[in-house]
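S.K.: requesting a structural model of the entry that follows:
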Amino acid sequence: MADKNYFHLHLVSDATGETLITVARAAAAQYANVSPVEHLYPMVRNHKQLDAALAEITESPGVVLYTLLDEELIDILEKKCRELGLPCMSILGPVLRLLQSYLGSETQTHRVGAQHMLNAEYFQRIDALNFTMVHDDGQHVEGLGQADVVLVGVSRTSKTPTSIYLANRGIKTGNVPLVPGVPVAPEVEALKAPLVVGLYASPERIVQIRENRLLGLKAHRDDDQYIDRAAVAEEVAYSRKLCAKHNWPVIDVTRRSIEETAAAVMRLLSERRRHPVI
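M.R.: Just a heads-up that it's a prediction; the model follows:
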C-alpha cells in the first residue's frame, strides 16, 4: 500500500448499499493521501450474486465491507477473504451485538433491507420531497406557510441542494432567492409558522462559484454585476440586513458542505420545536 495512492474497496450488501457507502466514505475521507476505488455489489441475496462479487474481489483484492444477514452467505464471503488474505468486516455486526447485549435478546428475524420498509416515515420523506420540488427557487410562495423550513439567500448559496437534503430527512423545505432590485414577496416576509433561515457566503466565494457556473454552462451575461465583487458584497449585505430585520437566523455556508449546512438547519429546527414562537 505504501507506494499506491489508491486501494480497492469492496462493498457487499443484501439491500441498496446506502449504509455501506455512507460508512465507508466517512472512514476513507480520513485518509487524504489515498483514495478508494469503490466496487458496490447491492442486492446480494443468493449464491450466484455472491459468486459474481467474489470473482471481482479476487481480481481486484482490497478491503471488503459488508451488510449481509444470511449466515450462509456471510460464511462463504468470510472464508473466501481468509483464503485471499483480505480484511473483511461486517458493518452491522458490531452494532447488532451491542444492541443484543443491551436489550438482552437477539433479533427476532433477519429482515433484509428493513430500513427501507414502506412505513409512515418513508411516505413522510416522499411528501417532503414533493413539497420541496414544488416550492423550489421561489415558486408558489403562497404555499410556503405549510413548510417546516424556508431558506432564503442570494444566488449560489446552496439553497436548492440543501432543501433537497432536508426533504430526504422528511423536512418540508421551500427556498426563495434574494434578487437585487426585486422586492421580497409579502408572503415570505409574513411567514410565522415555518423556520426561515438565511444562507450567505463571502462575496469572494459566491463570485468564484458564479464564474465557474458560467464557464461550465459556456454562458455569457451582459450584466457583469453578477460576478462583480462589489455588487455581490452589496447583495450579501442586503440579505443579512433583511434577515436581521425579521430576526431570521443566518448560516455562513462559505466553508460548509451541504450536509453541514443541513445539520445546522436541523439543529435550529429542533430548538424551534422545543421553544416554539408564540
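
S.K.: quick one: the strands in the chain?
M.R.: With strands called from DSSP state E, the chain shows them at 6-13, 35-41, 63-67, 88-90, 149-153, 173-177, 195-200, 250-252.

S.K.: pipe those into a markdown table and attach mean neighbour count per row.
M.R.: Heads up, the C-betas are built off the backbone N, CA and C, glycines and all. Shown next, in a markdown table, are those (neighbours: other Cβ atoms under 10 Å):
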| stretch | mean neighbour count |
| --- | --- |
| strand 6-13 | 21 |
| strand 35-41 | 16 |
| strand 63-67 | 23 |
| strand 88-90 | 17 |
| strand 149-153 | 26 |
| strand 173-177 | 26 |
| strand 195-200 | 23 |
| strand 250-252 | 18 |
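
S.K.: can you list these in a markdown table and add mean pLDDT?
M.R.: Shown next, in a markdown table, are the strands of the chain (pLDDT from 0 to 100):
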| stretch | mean pLDDT |
| --- | --- |
| strand 6-13 | 96 |
| strand 35-41 | 95 |
| strand 63-67 | 97 |
| strand 88-90 | 96 |
| strand 149-153 | 98 |
| strand 173-177 | 98 |
| strand 195-200 | 98 |
| strand 250-252 | 98 |
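
S.K.: between these, which one is nearest to residue 57?
M.R.: Across these, residue 57 has its closest neighbour in strand 6-13 (5.1 Å, Cβ to Cβ).

S.K.: contacts for the closest one next, please.
M.R.: 1, 17, 19-21, 24, 28, 34-44, 50, 53, 56-57, 60-68, 77 (Cβ atoms under 8 Å, 6 or more residues apart in numbering).

S.K.: show me what stretch 26-34 is in contact with.
M.R.: Here stretch 26-34 makes contact (Cβ under 8 Å, 6+ apart) with 1, 4-7, 9, 35-36.

S.K.: switch to 7 Å and redo it
M.R.: 5-7, 9, 36 (Cβ atoms under 7 Å, 6 or more residues apart in numbering).

S.K.: kindly check the end-to-end length of it for me.
M.R.: Start-to-end span of stretch 26-34 (Cα to Cα, to the nearest Å) is 14 Å.

S.K.: and residue 171, how close does it get to residue 104?
M.R.: According to Cβ to Cβ, to the nearest Å, residue 171 stands 35 Å off from residue 104.

S.K.: so for the two, which residue has more residues nearby?
M.R.: Ranked by neighbour count (other Cβ atoms under 10 Å), residue 171 and residue 104 place residue 171 first, with 22 against 7.

S.K.: my read: that one touches residue 147, true?
M.R.: No - at 8.7 Å, residue 171 does not count as touching residue 147 under the criterion of Cβ atoms under 7 Å.

S.K.: returning to what we had before: the contacts of stretch 26-34: which two are farthest apart?
M.R.: Maximum pairwise distance among these (Cβ to Cβ): 13.8 Å, between 5 and 9.

S.K.: gap between the nearest residue to residue 164 once chain neighbours are set aside and residue 162?
M.R.: For residue 164, ignoring the flanking residues on the chain, the nearest one in space by Cβ to Cβ, 6 or more residues apart in numbering is residue 132 at 6.2 Å. As judged by Cβ to Cβ, residue 132 and residue 162 stand 10 Å apart.

S.K.: ok, residue 149 next?
M.R.: Distance from residue 149 to residue 162, by Cβ to Cβ: 9 Å.

S.K.: can you pull the residues that touch both of these two?
M.R.: When contacts are counted by Cβ under 7 Å, 6+ apart, residue 149 and residue 162 are jointly contacted by residue 265.

S.K.: next, count neighbours for the residue lying closest to residue 134 once chain neighbours are set aside.
M.R.: Ranked by Cβ to Cβ, 6+ apart and with sequence neighbours excluded, the top spatial neighbour of residue 134 is residue 140, at 5.8 Å. Using other Cβ under 10 Å, residue 140 has 12 other residues around it.

S.K.: and if you look at residue 54?
M.R.: Neighbours of residue 54 under the rule other Cβ under 10 Å: 21.

S.K.: one more: residue 234?
M.R.: For residue 234, the count of nearby residues is 14 (other Cβ under 10 Å).

S.K.: mind checking pLDDT for it?
M.R.: The model reports residue 234 with a pLDDT of 96.
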